[in-house]
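> Can you look at this prediction? I've put the sequence above it.
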Amino acid sequence: MRSTPARQLPPPGWTCRRTDPLTHWLLLSALACALVTSPVLAQDEGEIDEGVAAEPAAETTVPGEAEAGPESDAPPPVVLPPRVAPPPTAPARLLEPQPLGLVDIRGWSFTHIVHEGHHVYHQPTVRPDRLQRALIAISRAHAHAPSVLGVATPDVEYYLFPSQADMRRGLPVLARVPIQSALVVANGLAFQDAGHHHVTFLQAEAFDNELRGTWAVAHELTHHLQARLAGNKDYAQWFNEGIAEYVGSRVARQFHPDEHALDSFLEMGQIVNALRNRELPALGPLVTNAQWVAARRTNRSGLLYSTAWLTVEWLVSQRDPGGLTRTLAQVEQGRSFPEAFTEVFGVPLAELDAAFQAHVTAALTPGYPLGLNAFRDSAPTSGGIHFVFSLQPRERARVDVRSSQCRGGSTVTADAVGFAAYSFSAPAGCAGTYTITMTGSQGTSGTMQFTLT
């Protein structure tokens, strides 16, 4: 779910920019870059890659012609321009179609299958149960994600690795992703090559939890849908990720409503605690992908995706249900993102973070008082209950749970924003009314009664 966005390669051209993350420079040979900077081809071709020196053109005589002396009546030698190769162009596809069955792609083994019209390449070592859940998630994402944004589904090829580590090793080889960028990819990566072919890379461990796996596939598919809506034009990266999280959440909720409700309860608790401790990420400055990646590395809360998701949820529910599609449509028509966003949602981008924080304070904070709070939807019939603790950052707390017949407990440590979670299930024969008491090392405390049947 949490992943880097779909990126469009620049159109085929003559420049070799090493600064673009997924450029044709990685796809072209050194000869191509040398040709770009030759005196013949570099005259009006825009930017030239610095540090590549152009070789002077050598004169070439027609073979067999004797060079005339000073007093010869023979015509002067014919000087031809150097033989120049045609302009290099990027391949139409980053990954060429392969036959069904076991195939080798740049040294990586995959089994190519077709699932409900979708071409899926999975490594042979992917566990069968994970593969089956991945295929189900792909079907669900394609059936439901497009309707959230009202756009047709593009054809997408899927590449499934056994683990996150395998995916991170494979991305630089298969997708030309720089190694440092590949190391921050969590569950998947949506990619669009120069020929506008859509590819999604996934790692199979994400499907051990069906909610998260469905969410992840829908998230990556949404990046492809967004690219189509916005005409591959740029807009703020926080909005890009927020929409993908929003759609992923909607699709996952349809199939796993109870687990989604608990997940939302926990994430909203983290957001409230982050705001309390002044650790809630500011989204407004995160316009480019580079800024987003840098913020992921430096933000202590680890809540960039959650903040972007809940910000988009707030915009849709409180401002304009159809605003996501209308904003991207205006960007596609040539309007700047700040202009389109402000017109659709009525919130200037400069005021976005303050407006969202005011929403969190008014709507969410009352449900997460200092101390402890229970996710009561999980009790009493399930035999278990989930709690969140609002503590000081890194505070340790002793948890004691007891009834007239049974007792339990544990020690929890809050994260950087003062958040901790705890689950309790009644042992066999221990149904009844319980009291939970939490005592923190920095003075935070709370108590609550609940009943399990």
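The structure has been received and is ready for your questions.
> Contacts for the helix or strand containing residue 201, please.
Assigned by DSSP states H and E, residue 201 belongs to strand 198-203. Outside strand 198-203, the residues that touch it by C-beta atoms under 8 Å, 6 or more residues apart in numbering are 6, 94-95, 134, 154-164, 166-167, 170-171, 174-175, 185, 187-193, 216-217, 220-221, 224. (Each C-beta comes from the backbone N, C-alpha and C, glycine too.)
> now stretch 126-139
115-116, 118, 120, 122, 158, 160-162, 202, 204-205, 207-208, 210, 213-214, 216-218.
> now do 10 Å
Contacting residues not belonging to stretch 126-139 are listed as 110-111, 113, 115-118, 120, 122-123, 156, 158, 160-163, 166, 200, 202-218, 220-221, 251-252, 255 [C-beta atoms under 10 Å, 6 or more residues apart in numbering].
> sorry, back to before: pull out the buried members of the contacts of strand 198-203.
6, 94-95, 134, 154, 156-164, 166-167, 170-171, 174-175, 185, 187-193, 216-217, 220-221, 224 (16 or more other C-beta atoms under 10 Å).
> Might you specify the subset of these located within helices?
In this view, those that belong to helices under DSSP state H are 134, 164, 166-167, 170-171, 174, 216-217, 220-221, 224.
> now the strand holding residue 201, how far from the centre of its chain.
Relative to the mean C-alpha coordinate of its chain, strand 198-203 is positioned 11 Å out (C-alpha atoms, centre = their mean, to the nearest Å).
> Please parse the chain into its domains.
Split into domains by automatic domain parsing, the chain comes to 93-229, 230-368, 369-452.
> Can you lay out these as a markdown table showing mean pLDDT?
Compiled in a markdown table, those are given as follows (pLDDT from 0 to 100):
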| stretch | mean pLDDT |
| --- | --- |
| domain 93-229 | 95 |
| domain 230-368 | 94 |
| domain 369-452 | 87 |
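> OK, contacts around residue 419?
Applying C-beta under 10 Å, 6+ apart, the residues near residue 419 are 266-267, 269-274, 276-277, 279, 301, 303, 368, 388-391, 393.
> Distance check, it against residue 448.
For residue 419, the distance to residue 448 (C-beta to C-beta, to the nearest Å) stands at 17 Å.
> What of residue 358?
Distance check for residue 358 against residue 448: by C-beta to C-beta, it reads 28 Å.
> Of all the residues in stretch 234-253, which ones are buried?
Within stretch 234-253, the residues that qualify as buried are 235-253, counting by 16+ other C-beta under 10 Å.
> repeat for stretch 441-452
444, 446, 448, 450, 452.
> Out of the residues you listed, list just those in strands.
446, 448, 450, 452 (DSSP state E).
> How about the contacts made by the closest residue in space to residue 168 that isn't next to it in sequence?
For residue 168, the nearest residue in space outside its immediate sequence neighbours is residue 182; the separation is 4.8 Å by C-beta to C-beta, 6 or more residues apart in numbering. Shown in contact with residue 182 (C-beta under 10 Å, 6+ apart): 4, 167-173, 175, 189, 201.
> Dihedrals phi and psi, residue 182?
Dihedral pair for residue 182: phi -60, psi -30, per degrees, to the nearest 10.
> Distance check, it against residue 176.
From residue 182 over to residue 176 the distance is 10 Å, taken as C-beta to C-beta.
> ok, residue 327 - how many residues close by?
Using other C-beta atoms under 10 Å as the criterion, residue 327 is surrounded by 26 other residues.
> right, and it touches residue 346 too?
No. Look at residue 327 against residue 346 with C-beta atoms under 10 Å: they stay out of range, at 11.8 Å.
> quick one: common contacting residues for those two?
Common contact partners of residue 327 and residue 346 (C-beta under 10 Å, 6+ apart): 315, 320.
> mind listing what the nearest residue to residue 238 once chain neighbours are set aside touches?
Spatially, and ignoring its direct neighbours in sequence, residue 238 is nearest to residue 283 (4.0 Å; C-beta to C-beta, 6+ apart). With contact taken as C-beta under 10 Å, 6+ apart, residue 283 is in contact with 236-239, 241-242, 292, 295, 304, 307-308, 311-312, 349, 352-353, 356.
> Could you report the separation of residue 283 from residue 292?
Taking C-beta to C-beta as the criterion, residue 283 is separated from residue 292 by 9 Å.
> Over to residue 173?
Taking C-beta to C-beta, one finds residue 173 at 24 Å from residue 292.
> Looking at the two now, which is surrounded by more residues?
A count of neighbours by other C-beta under 10 Å puts residue 292 above the other of residue 173 and residue 292, at 23 against 13.
> Isn't that one up against residue 236?
Yes. Counting by C-beta under 10 Å, a contact exists between residue 292 and residue 236, whose distance comes to 9.2 Å.
> shared neighbours, these two?
283, 285-286, 308.
> Widest-spaced pair of those residues?
Farthest-apart pair in the shared contacts of residue 292 and residue 236 is 285 and 308; separation 12.8 Å (C-beta to C-beta).
> who does the strand holding residue 201 pair up with?
With DSSP bridges as the criterion, the sheet partners recorded for strand 198-203 are strand 156-161 (parallel), strand 188-192 (antiparallel).
> The ones you listed into JSON lines, with extra columns for distance to residue 332?
Supplementary listing: the strands paired with strand 198-203 in JSON lines, determined by distance: least, C-beta to C-beta, whole Å:
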{"stretch": "strand 156-161", "distance to residue 332": "20"}
{"stretch": "strand 188-192", "distance to residue 332": "15"}
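> Specify the stretch among those that is closest to residue 142.
Taking C-beta to C-beta as the criterion, strand 156-161 is the member of the strands paired with strand 198-203 that comes nearest to residue 142, at 7.8 Å.
> quick one: which of the ones in strands among the buried residues of stretch 441-452 is nearest to residue 102?
Using C-beta to C-beta, residue 452 is the member of those that sits closest to residue 102, with 51.4 Å.
> what about the closest residue to that closest one other than its chain neighbours, neighbour count?
Excluding the flanking residues, the one nearest residue 452 by C-beta to C-beta, 6+ apart is residue 426, at 4.4 Å. Residues within reach of residue 426, counting by other C-beta under 10 Å, total 23.
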